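Participant: Okay, sequence plus prediction incoming.
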Amino acid sequence: MEFWGVEVKAGQPLKVSPGEEKLIHLSQASLGESKNKGNESTPIFVKFGDQKLV
């Protein structure tokens with residue numbers, strides 16, 4: 001089992017290739033400071049093939 005962290009810049013995708021018979025478990029995500037201090041929501045999603053998982 002392996003644990004690691006990564007910072008993904010706004011608007012930039014991050015592609016992860018775990019390899020055969022492996023999986024990615026996303027358990028936590030945090031957002032930096034918002035430029036707009038309003039109540040606007042910020043989506044976080046994972047794209048798997050053609051599926052967009054929220």
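Facilitator: Received it, and whenever you're ready, just let me know what you need.

Participant: ranges for the strands of the chain?
Facilitator: 46-48, 51-53 (DSSP state E).

Participant: Dump those into TSV; add mean neighbour count and mean pLDDT as well.
Facilitator: The C-beta positions use only the backbone N, C-alpha and C, and glycine is treated the same way. Listed next are these as TSV, based on neighbours: other CB atoms under 10 Å; pLDDT from 0 to 100:
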stretch	mean neighbour count	mean pLDDT
strand 46-48	10	84
strand 51-53	9	89
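
Participant: Looking at those strands, which is nearest to residue 2?
Facilitator: Among the strands of the chain, strand 46-48 comes nearest to residue 2, with 18.1 Å by CB to CB.

Participant: what's that closest one packed up against?
Facilitator: strand 51-53 (3 or more CB pairs under 8 Å, 6 or more residues apart in numbering; DSSP states H and E).

Participant: Could you list the residues in contact with the worst-scoring helix or strand of the chain on mean pLDDT?
Facilitator: When the helices and strands of the chain are scored by mean pLDDT, DSSP states H and E, strand 46-48 comes last with a mean of 84. Identification of contacts with strand 46-48 by CB atoms under 8 Å, 6 or more residues apart in numbering yields 13, 26, 52-53.

Participant: Adding distance to residue 39, write the strands of the chain out as TSV.
Facilitator: TSV is the format used below for the strands of the chain (distance: least, CB to CB, whole Å):
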stretch	distance to residue 39
strand 46-48	24
strand 51-53	23
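
Participant: Which one, of these, ends up nearest to residue 5?
Facilitator: So among the strands of the chain, strand 46-48 is nearest, using CB to CB, at 15.7 Å.
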